[in-house]
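*Asks:* Would you be able to build a 3D model of this:
(chains A and B)
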Amino acid sequence: MSADALEIIGLNHSFKDLEVLKNLDIVVRKGEFVSIVGPSGSGKSTLFHLIGGVLTPSAGTIEVDGKAAQRGLIGYMPQQPALMPWRTIEKNVVLAREIAGKADLGLARQWLEKVGLGDFKRSYPHQLSGGMQQRVAFLRALISDQELLCLDEPFSALDAMTRAEMHRWLLDIWEANRRAVLFVTHNIEEALLLSDTVYVFSHRPATVLEKVTVPFDRPRRGTVVDDPEFVGLRRRLTDLLTGEPR
Amino acid sequence: MTTLRRALPPAITIVLLIAGWQLYTTVSGVDRWLLPSPKDIWDAAVEQRAVLTTHTLATAELTLYGFAAGVAAGLLIAVVLHLVPFLRAAVYPLLVISQNVPTIAIAPLLVVWLGFGLAPKLVVIILVCFFPVAVATLDGLGRSDPRIADYLLMSGAGRGQLFTKLQWPNALPTMFSGLKIAATYSVFGAIISEWLGSDKGIGHYMIVQKSAFRADRLFVAITIVIILALLVFGLVLLVERLVVRRER
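*Replies:* Residues are numbered from 1 along each chain as shown, chains lettered A, B, ... in the order given. The predicted model follows:
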């Protein structure tokens, strides 16, 4: 049996005396969409830096695709698109592979075409709207050729309309190209709409309050948010998060 | 059209200034050796054109060598100081202080140490050129977007890739600002170095004409210096257009 895309066991992390993460166990299977919801400042970004190999954990193990966490094993999409203003869109998309020494401009163009961004391949980032820039940033992570994609609150800076569009766009692409995704957000509805599994984090130090298996079918329709079961789940998770002492 | 509209007001100003100058010298009857009229200067230029061409070419050559060497020194200093923070802390303040030493004051020392050849002249130009390039480039290298840096690190980039893919391209626009300043300084440096002792070049020509009280020829020399500086500046602009494609 092949390894999970991500396996975190007994993870603890502190900055000096400040405990940030406490005793986390998280698994992302291949092809699974997993979300983490938690209050702001619950150490979600720290978790990503640990998975990405930029930080070393104080205790516990992290394995990405069967290998101990180190740099260059994940596809990453940050909160801000972080595109290079001096590169065209296609040159930006190719960046993640370029770092790994596997630049493939043809593949980048093919994907831009496939996800409806073909007309923008020669544009510069500032010529695109915020939502479009995030699509480019997602594509850059998607074609990075890594088993695990880590998405760090990628839609938090977008307005509600654009965000809803992005959800649809992301679901369509992801459902057609299943990859293991670890998605961090503070938006409960977003987490339930997109994910197979949702981990609810507590306030610092972050622990897993609850692991929820989302019961809705794939491909997931936008109307699922009106399903009584969805509404019930959202209520319960909201209570769980707001009931937490701050 | 817009270029023309922008170029028109300064062009008119220059024409008016020259006309006023011509009028003043004609009406006041001021001595030619004190303040020659534009017409006198023009005549001097035409009369001396063969000599001037030789001197101009000599100065242009010296300027380009010096500019290239100064830019190379500036870039080298910027990259080394950027990559070694300890050196930056140790050397950067001294660089700033070094700019308070007037070039004209150390130029004779350079002649004592290096003789009358090409070496002291190049050193003078390097001394006036490297600083704006080094400071501007260092600034650009240090000011890259931390969010992009974070993205690159998370995606597995090493320190070398951080430099080649982010910091260096990010520094190009500020580097060119430094290059433009250095471009105008380079001609000025070349003239000073020729004053030190040289048998050719516009700087040498100026020394000779000064002794002869030929103000008209000195004005011709000044005009040539201005044109040379503009040419080097234009060269930098051209390269910038080709290299920096960022559109903002």
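*Asks:* To what extent is the closest residue to chain B within chain A buried, counted in neighbours?
*Replies:* Taking Cβ to the nearest Cβ as the measure, the point where chain A comes nearest chain B is A:G72, at 2.6 Å. Placement of C-beta: from N, CA and C, glycine included. The criterion is other Cβ atoms under 10 Å in any protein chain shown. On that basis, A:G72 has 18 neighbouring residues.
*Asks:* Return the residues in contact with the closest residue to it other than its chain neighbours.
*Replies:* Of all residues beyond its chain neighbours, the one nearest A:G72 is B:G156 (2.6 Å), with distances taken as Cβ to Cβ, 6 or more residues apart in numbering or on different chains. When contacts are counted by Cβ atoms under 8 Å, 6 or more residues apart in numbering or on different chains, B:G156 touches A:G53, A:R71, A:G72, A:L73, A:I99, A:A100.
*Asks:* May I see these organised as a markdown table, with pLDDT and distance to A:K44 added?
*Replies:* A markdown table is the format used below for the contacts of B:G156 (pLDDT from 0 to 100; distance: Cβ to Cβ, whole Å):
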| residue | pLDDT | distance to A:K44 |
| --- | --- | --- |
| A:G53 | 85 | 17 |
| A:R71 | 83 | 19 |
| A:G72 | 81 | 21 |
| A:L73 | 84 | 19 |
| A:I99 | 87 | 23 |
| A:A100 | 83 | 25 |
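*Asks:* Make a ChimeraX selection of whichever of these turn out to be buried.
*Replies:* In ChimeraX, selecting the buried portion of the contacts of B:G156, with burial taken from 16 or more other Cβ atoms under 10 Å in any protein chain shown, looks like this:
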select /A:53,71,72,73,99
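*Asks:* any chance of the contacts of B:G156 in CSV, plus secondary structure and distance to B:A119?
*Replies:* Below are those laid out as CSV (DSSP: H, G, I helix; E, B strand; the rest coil; distance: Cβ to Cβ, whole Å):
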residue, secondary structure, distance to B:A119
A:G53, coil, 51
A:R71, coil, 48
A:G72, coil, 49
A:L73, coil, 54
A:I99, helix, 44
A:A100, coil, 48
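*Asks:* From chain A, how far out is B:V232?
*Replies:* Between B:V232 and chain A the distance is 25 Å, computed by Cβ to the nearest Cβ, to the nearest Å.
*Asks:* For whichever helix or strand that residue is part of, buried residues please.
*Replies:* Assigned by DSSP states H and E, B:V232 falls within helix B:215-243. Of the residues in helix B:215-243, B:215-221, B:224-225, B:228-229, B:232-233, B:236, B:240 count as buried by neighbour count, 16+ other Cβ under 10 Å.
*Asks:* thought the residue of chain A closest to chain B was touching A:G101?
*Replies:* No - in this structure, A:G72 sits apart from A:G101 without contact. The criterion is Cβ atoms under 8 Å, and the distance is 10.1 Å.
*Asks:* same for the longest helix along chain A, what does it pack against?
*Replies:* In terms of residue count, the longest helix belonging to chain A (DSSP state H) is helix A:160-176. For helix A:160-176, the packing partners by 3 or more Cβ pairs under 8 Å, 6 or more residues apart in numbering or on different chains; DSSP states H and E come out as helix A:130-142, helix A:188-194.
*Asks:* mind listing what's buried in that helix?
*Replies:* The neighbour-count criterion (16+ other Cβ under 10 Å) identifies A:T162, A:R163, A:A164, A:M166, A:H167, A:W169, A:L170, A:L171, A:I173, A:W174 as the buried residues of helix A:160-176.
*Asks:* Switch those residues over to a markdown table; also include pLDDT and distance to B:L141.
*Replies:* As requested, these are exported to a markdown table (pLDDT from 0 to 100; distance: Cβ to Cβ, whole Å):
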| residue | pLDDT | distance to B:L141 |
| --- | --- | --- |
| A:T162 | 85 | 35 |
| A:R163 | 85 | 36 |
| A:A164 | 85 | 41 |
| A:M166 | 86 | 35 |
| A:H167 | 87 | 39 |
| A:W169 | 85 | 37 |
| A:L170 | 87 | 36 |
| A:L171 | 86 | 41 |
| A:I173 | 85 | 37 |
| A:W174 | 85 | 38 |
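*Asks:* Tell me the one among those nearest to A:I8.
*Replies:* Nearest to A:I8 among the buried residues of helix A:160-176, counting by Cβ to Cβ, is A:W174 at 21.6 Å.
*Asks:* who's in contact with the closest one?
*Replies:* Contact partners of A:W174, counting by Cβ under 8 Å, 6+ apart, are A:F33, A:V181, A:L194.
*Asks:* Columns neighbour count on top of these, output as a markdown table?
*Replies:* Formatted as a markdown table, the entries for the contacts of A:W174 read as follows, by neighbours: other Cβ atoms under 10 Å in any protein chain shown:
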| residue | neighbour count |
| --- | --- |
| A:F33 | 26 |
| A:V181 | 26 |
| A:L194 | 23 |
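*Asks:* pLDDT at residue 228, what is it?
*Replies:* Assuming you mean chain A. Reading off the per-residue confidence, A:P228 sits at a pLDDT of 83.
*Asks:* oops, chain B please
*Replies:* At B:L228, the model reports a pLDDT of 94.
*Asks:* B:D145 now?
*Replies:* In the predicted model, B:D145 carries a pLDDT score of 90.
*Asks:* State the number of residues packed around it.
*Replies:* For B:D145, using other Cβ under 10 Å, the count is 15.
*Asks:* And it, how close does it get to chain A?
*Replies:* B:D145 sits 7 Å away from chain A, going by Cβ to the nearest Cβ.
*Asks:* And that residue, its phi and psi?
*Replies:* When quoted as degrees, to the nearest 10, the phi and psi of B:D145 stand at phi -60, psi 120.
*Asks:* how near is whichever residue of chain B sits closest to chain A to B:N170?
*Replies:* Closest contact between chain B and chain A, by Cβ to the nearest Cβ, is at B:G156 (2.6 Å). When Cβ to Cβ, to the nearest Å is the yardstick, B:G156 and B:N170 sit 20 Å from each other.
*Asks:* Helices along the chain, start to end?
*Replies:* Let's take chain A. For chain A, applying DSSP H gives helices covering A:44-51, A:89-93, A:95-99, A:105-114, A:130-142, A:160-176, A:188-194, A:228-242.
*Asks:* wrong one, I was asking about chain B
*Replies:* When assigned using DSSP H, the helices of chain B occupy the ranges B:2-28, B:38-47, B:49-83, B:85-98, B:103-114, B:118-142, B:146-154, B:159-161, B:168-195, B:202-211, B:215-243.
*Asks:* between the ones you listed, which gets nearest to A:I9?
*Replies:* Shortest distance between A:I9 and the helices of chain B, using Cβ to Cβ, is found for helix B:146-154: 21.6 Å.
*Asks:* That closest one: which residues count as buried?
*Replies:* Under the neighbour-count criterion of 16+ other Cβ under 10 Å, helix B:146-154 has B:I148, B:A149, B:D150, B:Y151, B:L152, B:L153, B:M154 buried.
*Asks:* before we move on, the earlier item: any chance of the contacts of B:G156 in TSV with distance to A:A82 as columns?
*Replies:* Formatted as TSV, the contacts of B:G156 follow (distance: Cβ to Cβ, whole Å):
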residue	distance to A:A82
A:G53	18
A:R71	16
A:G72	17
A:L73	19
A:I99	13
A:A100	17
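*Asks:* got any ranges where chain A has weak pLDDT?
*Replies:* For chain A, applying pLDDT under 70 flags the ranges A:1-2, A:244-246.
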